[in-house]
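S.K.: coordinates only, no sequence provided:
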């Protein structure tokens, strides 16, 4: 199963909004084929492996990280392909939470006389496909909050300068995270202050994520690097104000615009997420400033935190999340499953806010 | 030499203000004795090893992490003991920066016909004895700034509650650091807000550091845990105001008091450090709140940083070092040689402010 998980990992960021799944075929103690989820609309891992194995698949055991699907989606059901190939036994990881599968895949295999073992290495697989699981269960993207701070929690020096708090290694890693996301979201202020492009640079074979800006008043500067690069990288602006001229101008530059509810200061986040869900965005990287970050935290719309710490002390009052008022320490947001990565003097902290395990119970759009 | 360094490590916190040194005697390819610095006033590492080896020392090679002393201090010169024992060769780490030694030890050994190799594993030994080197070179203690913050850099929640930002493992480690320090320093506000005792608890065989409080107006509450435990743990208060009654009261409780220059808000830090130097405090653990920490940073009086990060987000405006105004990012305090320790979900970051390497160039009392 660990091999299937490793195989699945190779499809991370390449098959969204499908989960990335690995399938290994074993016969007489030897691996006869490895498969993994192909691009969206192409073969699932099971079919990928079966095609590679050909006639050899007869009588083999399949190790697969997710329950095989049993419905016609973009591709025919995997269960039928497994039955037809004469697979003898299926060892599976997690159950597919998609209501069209949700155990029915296993039932179908058993009915066809195939031995099924389910629930192997579930924790690891749930973590691997955390975004997909959130997307299916909460009908909204999995939201990864990313921030870059000094040791003392400041996002900029007193004069607002912040380039660069983190080192090149950390910044390169941000590009890798962008490439592995379906969309990257920032507020209009961050885009202007940093003249941020929000694209993935320097990542080999990177798929470019949808660049999303929350811009209630359509203030986006047409001369910004973001706007100027819209023909090259997909771009979407959510706004609240009705300003047809500004909107048209952005559309002509190649920037999509969606008008949502909200107020002149802030667009409605639930509505934004509803739209992103419909656009099949399953992983959303949130690269917001302090104020917009606070809005997401306040609504419990953060599933995972990536905190880059530059090896600096900045001092001053530009402290991250200072507008987020948690009354006392017992109401603090705890971070679970903390991991640390060392980046040549910088640090990346990874953690999951306690209000949820893999998104359960988080505020979700209806 | 690595063995000598490990041997020296066993004396950490037990021989201050002497450096902790290790000495290994090798003859015919075998280790015949190991020595390390004994308590202040007792044998140095070289003599400790020579005594253990007895007559065997004749013709042996000595590996020692610091240049052997050549002056009468609390103990007779080690150079004489080495010569008398008939050591053939000395392989030494760093030169002793003490002006009474400073190369004269090596010269004396060479004059006696002993082969001397010096400068082995210097970086490691300088780091090991960073406090001693600072103490000798800058005539002030080595200052270790310790703080415990949330991921977003807050030292307390909005209502001031801060117990506990960090977990038990992190707090236990703080006690270990206290035990390895000669003094622990805090401001009167921290002592009152947290009712802090500043002693080392739960550390086997812990030597209790001198507890130092900066208390300009002698506001220390006689009912505080700090004051109440003064008969048990050495305690010293620096004040600026002349208030004989208050002072007498504290003295009667077992608390030493020293009046220094300053103003009603703050005592003069240089004068405080001068006194601590005279008291032979070579390692000072600074457990200050934000404001007092800022004073130390402003005067570049921080040699090493220990930042404990609890796995929490606190939000709010109680941000560490927000009163420290560094004008722009290129004036940030960089932290070098960053190390990370994982403490069951909490993190300890260790780093050295860039304004100095091992204290050179730091503001020092004259």
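M.R.: Now that the structure is in, tell me what you want to look at. What you are looking at is a predicted structure, and each value in this text was computed from that prediction instead of being measured.
S.K.: could you use CA atoms for every contact and neighbour count after this?
M.R.: Noted.
S.K.: low-confidence ranges, chain A, go.
M.R.: A:356-366 (pLDDT under 70).
S.K.: center of it - which residue?
M.R.: residue A:283 (2.0 Å; C-alpha atoms, centre = their mean).
S.K.: and it, what is it in contact with?
M.R.: Going by C-alpha atoms under 8 Å, 6 or more residues apart in numbering or on different chains, residue A:283 touches A:131, A:132, A:141, A:142, A:143, A:144, A:181, A:182, A:183.
S.K.: so which residues of chain A form helices?
M.R.: A:2-9, A:45-53, A:78-85, A:104-111, A:122-128, A:130-138, A:168-179, A:188-194, A:225-228, A:244-252, A:269-278, A:290-298 (DSSP state H).
S.K.: save those as CSV, and put in mean neighbour count too.
M.R.: Shown next, in CSV, are these (neighbours: other C-alpha atoms under 10 Å in any protein chain shown):
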stretch, mean neighbour count
helix A:2-9, 20
helix A:45-53, 23
helix A:78-85, 19
helix A:104-111, 18
helix A:122-128, 16
helix A:130-138, 23
helix A:168-179, 19
helix A:188-194, 18
helix A:225-228, 19
helix A:244-252, 15
helix A:269-278, 19
helix A:290-298, 18
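S.K.: quick one: closest of these to chain B.
M.R.: Nearest to chain B among the helices of chain A is helix A:290-298 (8.6 Å), distances taken as C-alpha to the nearest C-alpha.
S.K.: and that closest one, anywhere near chain B?
M.R.: No. Contact of helix A:290-298 with chain B (C-alpha under 8 Å from any C-alpha of the partner chain) is absent, the minimum separation being 8.6 Å.
S.K.: report the distance from that helix to the chain centre.
M.R.: Mean-position distance between helix A:290-298 and its chain equals 18 Å (C-alpha atoms, centre = their mean, to the nearest Å).
S.K.: what does it contact?
M.R.: In contact with helix A:290-298 (C-alpha under 8 Å, 6+ apart) are residues A:145, A:187, A:269, A:302, A:319, A:320, A:321, A:322, A:323, A:324.
S.K.: excluding its backbone neighbours, what's nearest the fourth one?
M.R.: Looking back up the chat, that one is residue A:302. Using C-alpha to C-alpha, 6 or more residues apart in numbering or on different chains and skipping the chain neighbours, the partner closest in space to residue A:302 is residue A:143 (5.3 Å).
S.K.: also the third one?
M.R.: Spatial nearest neighbour of residue A:269, excluding adjacent residues (C-alpha to C-alpha, 6+ apart): residue A:296 at 7.9 Å.
S.K.: same question, residue A:28
M.R.: Leaving aside its sequence neighbours, residue A:28 sits nearest to residue A:60 (C-alpha to C-alpha, 6+ apart; 7.8 Å).
S.K.: so how far is chain B from that neighbour?
M.R.: Using C-alpha to the nearest C-alpha, to the nearest Å, residue A:60 is found at 43 Å from chain B.
S.K.: burial measure for the nearest residue to residue A:314 once chain neighbours are set aside, as a count.
M.R.: For residue A:314, ignoring the flanking residues on the chain, the nearest one in space by C-alpha to C-alpha, 6+ apart is residue B:332 at 5.1 Å. Residues near residue B:332, counting by other C-alpha atoms under 10 Å in any protein chain shown, number 20.
S.K.: so what's the closest residue to chain B within the stretch 1-150 of chain A up against?
M.R.: In the stretch 1-150 of chain A, the residue that lies nearest chain B is residue A:149 (8.1 Å; C-alpha to the nearest C-alpha). With contact set as C-alpha under 8 Å, 6+ apart, residue A:149 has these partners: A:155, A:156, A:165, A:166, A:307, A:308, A:309, A:310, A:320.
S.K.: what helices or strands is the longest strand along chain A leaning on?
M.R.: In chain A, with assignment by DSSP state E, the single longest strand is strand A:333-343. Under the contact definition 3 or more C-alpha pairs under 8 Å, 6 or more residues apart in numbering or on different chains; DSSP states H and E, strand A:333-343 sits against strand A:346-353, strand B:312-313.
S.K.: report the angle between it and strand A:346-353.
M.R.: Strand A:333-343 and strand A:346-353 are oriented at 150 degrees to each other (axes from the mean of the first three to the mean of the last three C-alpha atoms, to 10 degrees).
S.K.: find the nearest non-adjacent residue to the residue of the stretch 51-200 of chain A found nearest chain B, please.
M.R.: Nearest residue of the stretch 51-200 of chain A to chain B: residue A:153, at 4.0 Å (C-alpha to the nearest C-alpha). Closest residue in space to residue A:153, ignoring its immediate chain neighbours: residue B:153 at 4.0 Å, by C-alpha to C-alpha, 6+ apart.
S.K.: got the residues of the stretch 1-150 of chain A near chain B?
M.R.: So the stretch 1-150 of chain A never meets chain B (C-alpha under 8 Å from any C-alpha).
S.K.: follow-up on the earlier one: got a markdown table for the contacts of helix A:290-298, with distance to residue B:33 too?
M.R.: What follows is those, written out as a markdown table (distance: C-alpha to C-alpha, whole Å):
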| residue | distance to residue B:33 |
| --- | --- |
| A:145 | 57 |
| A:187 | 67 |
| A:269 | 71 |
| A:302 | 59 |
| A:319 | 55 |
| A:320 | 56 |
| A:321 | 58 |
| A:322 | 58 |
| A:323 | 62 |
| A:324 | 61 |
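S.K.: farthest pair within the residues you listed?
M.R.: Largest separation among those by C-alpha to C-alpha: A:269 and A:319, giving 23.1 Å.
S.K.: what residues does the stretch 251-366 of chain A put near chain B?
M.R.: So the stretch 251-366 of chain A meets chain B at A:307, A:311-329, A:332-340, A:342, A:345-346 (C-alpha under 8 Å from any C-alpha).
S.K.: out of the residues you listed, which are buried?
M.R.: Buried subset of those (neighbour count, 16 or more other C-alpha atoms under 10 Å in any protein chain shown): A:307, A:311-322, A:324-329, A:332-336, A:338-340, A:342, A:345-346.
S.K.: residues in contact with the residue nearest to residue A:55 when sequence neighbours are not counted?
M.R.: Residue nearest to residue A:55 in three dimensions, not counting chain neighbours: residue A:85, with 7.5 Å by C-alpha to C-alpha, 6+ apart. Residue A:85 is in contact with A:50, A:55, A:57, A:58, counting by C-alpha under 8 Å, 6+ apart.
S.K.: separation between the closest residue to the last one other than its chain neighbours and residue B:78?
M.R.: Pointing back at residue A:58 there. Of all residues not flanking residue A:58 in the chain, residue A:86 sits nearest, at 4.6 Å (C-alpha to C-alpha, 6+ apart). Going from residue A:86 to residue B:78 by C-alpha to C-alpha, to the nearest Å gives 83 Å.
S.K.: cool, residue A:325 as well?
M.R.: Distance, residue A:325 to residue B:78, by C-alpha to C-alpha: 62 Å.
S.K.: quick one: residues contacting the closest residue to residue A:259 other than its chain neighbours.
M.R.: Nearest non-adjacent residue to residue A:259, counting by C-alpha to C-alpha, 6+ apart: residue A:239, 4.9 Å away. Neighbouring residues of residue A:239 by C-alpha under 8 Å, 6+ apart: A:214, A:215, A:216, A:217, A:218, A:257, A:258, A:259, A:260, A:267.
S.K.: buried only: go through these for me.
M.R.: Buried members of the contacts of residue A:239, counted by 16+ other C-alpha under 10 Å: A:214, A:215, A:216, A:217, A:218, A:257, A:259, A:260, A:267.
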